[in-house]
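Colleague: Sequence first, then the predicted structure, then my questions.
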Amino acid sequence: MESGEGGGNEMIERIQKKYALSHQGAKDLVKGCIACALQNLSFMFPVGLLYLLVQELMNGGVDRAGIWLYLVGCAVCVGLILLATWFQYNATYFATYKESGIRRITLAEKLRKIPLSFFGKKDLADLTSTIMADCASLEGTFSHYIPELFGAMISTVLVAVSLFFYDWRMALAALWVLPISFAIVWLSAKVQGRLSRKSMDAKIACADGIQECIETVRDLKSCNAEDLYLIGLDQKIKAVEHRSVISEFGTAVFVVSASLLLKLGIATVALVGSMLLIQGTLDVLTFFLFLLVVSRIYDPLQGVLQNLAAVISTRTNVARMKEIMDHPVQEGTTKLSNRGYDIEFDHVGFAYHSGETVLEDVSFTAKQGEVTALVGPSGGGKTTVSRLAARFWDVSRGRITVGCMDVAKIDPEALLSLYAIVFQDVTLFDNTILENIRIGRKDATDEEVLAAARLANCDEFAERLPDGWNSRIGENGCELSGGERQRISIARAFLKDAPIILLDEATASLDVENETLIQSALSRLIQNKTVLVIAHRMRTVAGADKIVVLSDGRVAEEGAPQNLLAQRGLYSHMVALQSESSNWIIQSENR
C-alpha cells in the first residue's frame with residue numbers, strides 16, 4: 001500500500017515539475033484525464049446497445065418486453081453520458097481556473113523573493129506576459145488539451161484491447177494508423193518548439209514597443225519622432241502576424257497529415273472486412289460492429305492529434321514559468337542579531353551576471369549617528385553600494401555587516417525593516433496622497449501620516465489640490481511635479497522612521513527653497529541613525545561627517561570633507577569643477 005502511494009506521489013511530483021503546477025493542480029490534472037477517459041467510454045455504451053439490438057433483430061426480432069428493455073437502456077446511456085460529462089466539466093474547467101489563480105499568485109510570491117539581479121535581465125513586458133498571457137494560455141492547455149489527450153489515449157487503449165477479443169484481424173485493420181499518426185505529430189516537437197519560441201519573441205518585442213511608445217510619447221512628440229517610431233512599431237506588429245501564420249502553418253502541416261492518415265483506418269476496415277466476408281471468415285454482425293466502433297473511435301482521436309500539437313507548443317510557456325519558479329531565492333534567518341547599526345563593507349567585490357565588474361575590493365564603514373556620503377564619477381558604483389547594503393543583490397566577494405550581523409544570512413524582508421530608502425527614481429501608485437505615503441508603514445494612523453507629510457513639506461502642494469490629502473495622483477504620480485513626487489517619497493521615509501536611511505539623490509528634483517526645507521527636516525530625522533547618502537552635487541554633502549569617493553568600483557578617497565579638500569585629490573577636483581559650472585550662464589554668440 002505504501003509502495004503504491006509512494007509511486008502515486010512520485011508521479012504527481014513529476015507532473016508538477018513538468019508543467020509548473022501546484023501539488024493540488026497536478027492531482028486535479030490526473031482527475032481531469034480520468035474524467036475525460038470516462039466520458040469517452042460513456043459514448044461507447046450506445047454503440048454496444050445498438051450492436052445488441054441489431055443482433056436480436058437478425059436472430060428473429062424483439063418482443064414487447066425487449067423494446068422496453070432497450071428504451072430503459074437508452075435512458076441509462078443518456079444518464080451515464082450526462083453524469084460523465086458533468087464529472088469531466090468539474091474535473092477540468094473548474095479545477096483549471098482555480099489552479100490558474102494559484103499559479104499567478106505563486107509566481108508573484110516567487111518574484112517577491114527573487115534577487116533584484118533577476119529583474120536586471122528581464123523587462124516589464126516579459127514578466128507581465130509570463131504572469132498574464134502564459135497563465136491564460138495554460139488555462140486552455142489544462143482544461144482542454146492535456147485531459148482530452150490522455151483521456152482519449154486511455155479510452156482508446158481500453159477499446160482497442162476489447163476489439164482484439166472480437167477479431168484480431170479487424171482490430172489491426174482499424175488500429176494500425178494510430179501509432180503512425182501520433183508519431184508524425186510527436187516528431188514535429190522540435191519544429192513546433194522553434195516556431196513557438198520565435199512567435200513568443202515577436203510578441204514580447206511588440207509588447208515592449210507598445211509599452212515604450214506609451215511611456216515615451218512626450219519625448220517622441222517633442223522630437224517630432226512619432227512617425228518614425230510608429231513605422232518601427234508597425235513592423236513589430238506585422239512580425240507578430242507573420243510569426244503567428246508561420247507557426248499555425250507549421251503545426252497544421254503535421255496535424256493535417258496525421259488526420260488524413262487516420263481516416264485511412266475507416267477505408268482499411270471496410271476493405272479488410274469485405275475481403276473476410278467474401279472468404280466467409282467474418283460474420284456480418286462483427287463487420288457492422290467494427291464499422292460502428294471506428295466511426296466513433298476516430299472522432300476523438302482527430303481532436304487528440306490537435307491537442308498533442310497544442311501541448312507540444314505550450315512547452316515554451318511552461319519553460320518561461322519554470323524559469324521564474326526554479327530561480328534561486330534569497331533566504332536567511334528572520335531573527336535580527338545586530339548590535340547597533342554601523343554598516344561595514346569588508347573587501348566587497350560585485351559583478352552582474354553579464355560579467356561586468358562593478359565593485360572591486362571596497363572597504364569602508366558608515367557609522368551610526370553619522371552621515372556618510374558616497375560621491376564620485378558616474379558609473380563608479382555608488383548606487384550599487386547602497387543596493388548591496390540593503391541586500392537587493394548578494395555580493396560576489398567579501399562581506400557586508402550591519403551591527404556585526406552578516407546581511408547575507410538575513411532574510412531580505414527582515415533586513416529591510418531596518419532601512420528607510422529614498423530612491424532617485426520615485427515610484428508612486430494611482431491612489432490618494434495619504435495612501436501613497438502610508439506605504440512607508442501600513443498600520444500608521446492618519447495623524448502619523450500627516451505628521452510625516454508635513455515634515456517632508458508635502459502640505460505645501462497637497463492642500464492646494466481639489467480633494468486635499470485625499471486627491472488621487474494618477475499613475476505613478478503623473479498629476480504631480482517631479483519635486484512633489486520626490487517629497488512624497490521622502491515622507492514615506494519619515495513615516496517608517498527606520499534606524500538606517502539610504503538617500504539616493506533624494507533632493508535632486510527639488511527647487512532651492514524646498515531643498516533647504518527638506519534638508520532641515522532630514523537633519524531632524526537622522527539623529528542617532530546611520531545615514532548613507534548618494535549625491536552628485538557637492539554642496540549637498542558638504543556637511544557630511546564622512547565622504548567616500550568611489551571611482552571605477554574602488555574607494556579612491558575617504559575622510560571628512562575638509563580633509564579631502566586639503567588633499568587636492570579627486571573630491572577636491574569635483575568640487576572645483578562644480579564651482580566653475582555654477583558660474584556658467586547662457587550667452588548668445590551674437591553678444
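Modeller: Noted; the coordinates are in hand.

Colleague: gap between the two ends of stretch 539-552?
Modeller: Distance between the boundary residues of stretch 539-552 (Cα to Cα, to the nearest Å) amounts to 23 Å.

Colleague: no wait, stretch 370-388
Modeller: Using Cα to Cα, the end-to-end distance of stretch 370-388 comes to 19 Å.

Colleague: For that stretch, what is the distance to the chain centroid?
Modeller: Stretch 370-388 has its C-alpha centroid displaced from the chain centroid by 31 Å (Cα atoms, centre = their mean, to the nearest Å).

Colleague: tell me which residues in it are buried?
Modeller: 370-376, 380-388 (16 or more other Cβ atoms under 10 Å). Backbone N, C-alpha and C define where each C-beta goes, glycine included.

Colleague: So for the longest helix anywhere in the chain, mean pLDDT?
Modeller: Taking DSSP state H as the criterion, the chain has its longest helix at helix 226-279. What helix 226-279 shows for mean pLDDT is 85.

Colleague: just stretch 160-176 next, same as before
Modeller: Mean per-residue pLDDT for stretch 160-176: 84.

Colleague: now swap in stretch 46-64 and tell me
Modeller: For stretch 46-64, the per-residue pLDDT averages 71.

Colleague: could you pull out the helices for the stretch 51-200 of the chain?
Modeller: Per DSSP state H, counting those that start in this stretch, the stretch 51-200 of the chain carries helices over the ranges 64-89, 95-113, 116-119, 124-128, 135-140, 146-166, 168-175, 177-186, 189-215.

Colleague: Could I have the CA atoms of the third one written out in PDB?
Modeller: By that I understand helix 116-119. Extracted C-alpha coordinates of helix 116-119, given in PDB (Å, rounded to 0.1, in the frame of the first residue of the first chain):
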ATOM      1  CA  LEU A 116      16.800  42.000  -8.000                       C
ATOM      2  CA  SER A 117      19.600  40.800 -10.200                       C
ATOM      3  CA  PHE A 118      17.000  38.700 -11.900                       C
ATOM      4  CA  PHE A 119      15.000  41.800 -12.900                       C
END
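
Colleague: on that earlier part again, show me which of the buried residues of stretch 370-388 has the smallest pLDDT value.
Modeller: Least confident by pLDDT among the buried residues of stretch 370-388: that is Gly380, with 82.

Colleague: Which of the three states applies to that one?
Modeller: coil (DSSP: H, G, I helix; E, B strand; the rest coil).

Colleague: Pull up the gap between it and Leu233, please.
Modeller: Going from Gly380 to Leu233 by Cβ to Cβ, to the nearest Å gives 36 Å.

Colleague: do the same with Leu455
Modeller: Leu455 sits 45 Å away from Leu233, going by Cβ to Cβ.

Colleague: Which one of the two is surrounded by more residues?
Modeller: Neighbours were counted for Leu455 and for Leu233 using other Cβ atoms under 10 Å; Leu455 has more, 22 against 16.

Colleague: what pLDDT does that one get?
Modeller: 85.

Colleague: dump the residue contacts of it.
Modeller: Leu455 makes contact with 491, 494, 521, 524-525, according to Cβ atoms under 8 Å, 6 or more residues apart in numbering.

Colleague: Most neighbours of all those, which one?
Modeller: The member of the contacts of Leu455 that has the most neighbours, counting by other Cβ under 10 Å, is Ala491 with 30 neighbours.

Colleague: which residue sits closest to it, ignoring its sequence neighbours?
Modeller: Ala456 (3.7 Å; Cβ to Cβ, 6 or more residues apart in numbering).

Colleague: Against Ile433, how distant is that neighbour?
Modeller: 11 Å.

Colleague: which residues are common contacts for the two?
Modeller: Common contacts of Ala456 and Ile433 (Cβ under 8 Å, 6+ apart): Ile488.

Colleague: So for the two, which residue has more residues nearby?
Modeller: Ile433 (29 against 26).

Colleague: Return the backbone torsion pair for the more buried one.
Modeller: Phi and psi for Ile433, reported as degrees, to the nearest 10, are phi -60, psi -40.

Colleague: How about the contacts made by it?
Modeller: By Cβ under 8 Å, 6+ apart, the neighbours of Ile433 are 453, 458, 462, 465, 469-471, 473, 488.

Colleague: Also Leu220?
Modeller: Shown in contact with Leu220 (Cβ under 8 Å, 6+ apart): 213, 226, 229.

Colleague: Hmm, Ile231 and the first one touching each other?
Modeller: Right, Cys213. No: in this structure Cys213 lies outside contact range of Ile231 using Cβ atoms under 8 Å: 11.7 Å.

Colleague: These two: which has the busier surroundings?
Modeller: Neighbour count, other Cβ under 10 Å: between Cys213 and Ile231, Cys213 has more, with 15 against 9.

Colleague: pLDDT value on the more buried one, please?
Modeller: 85.

Colleague: Distance check, it against Ala202.
Modeller: Going from Cys213 to Ala202 by Cβ to Cβ gives 17 Å.

Colleague: so where's the stretch 51-200 of the chain uncertain?
Modeller: For the stretch 51-200 of the chain, residues meeting the criterion pLDDT under 70 lie at 58-62, 117, 120-125.

Colleague: where exactly do the strands run in the stretch 451-591 of the chain?
Modeller: 500-504, 530-534, 546-551, 554-559 (DSSP state E, counting those that start in this stretch).

Colleague: Mind putting those into a markdown table with distance to Tyr97 and mean pLDDT?
Modeller: What follows is these, written out as a markdown table (distance: least, Cβ to Cβ, whole Å; pLDDT from 0 to 100):
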| stretch | distance to Tyr97 | mean pLDDT |
| --- | --- | --- |
| strand 500-504 | 42 | 88 |
| strand 530-534 | 47 | 90 |
| strand 546-551 | 52 | 90 |
| strand 554-559 | 55 | 90 |
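
Colleague: now those as a markdown table including distance to Ile154?
Modeller: Converted to a markdown table, the strands of the stretch 451-591 of the chain look like this (distance: least, Cβ to Cβ, whole Å):
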| stretch | distance to Ile154 |
| --- | --- |
| strand 500-504 | 59 |
| strand 530-534 | 63 |
| strand 546-551 | 65 |
| strand 554-559 | 66 |
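
Colleague: To Thr85, which of those lies closest?
Modeller: strand 500-504 (59.9 Å; Cβ to Cβ).

Colleague: Pull the residues that contact the closest one.
Modeller: Residues from elsewhere that reach strand 500-504 (Cβ under 8 Å, 6+ apart): 341, 343, 383, 386, 389-390, 402, 418-424, 493, 522, 525-526, 529-535.

Colleague: what's the answer for stretch 137-147, then?
Modeller: So stretch 137-147 is contacted by 19, 21, 25, 29, 32-33, 35-36, 88, 91-93, 96-97, 99-100, 103, 307-308, 310-311, 314, 317-318, 321 (Cβ under 8 Å, 6+ apart).

Colleague: and if we set it to 7 Å?
Modeller: With Cβ atoms under 7 Å, 6 or more residues apart in numbering as the contact definition, stretch 137-147 has outside contacts at 29, 32-33, 35-36, 92-93, 96-97, 99-100, 307, 310-311, 314, 317.
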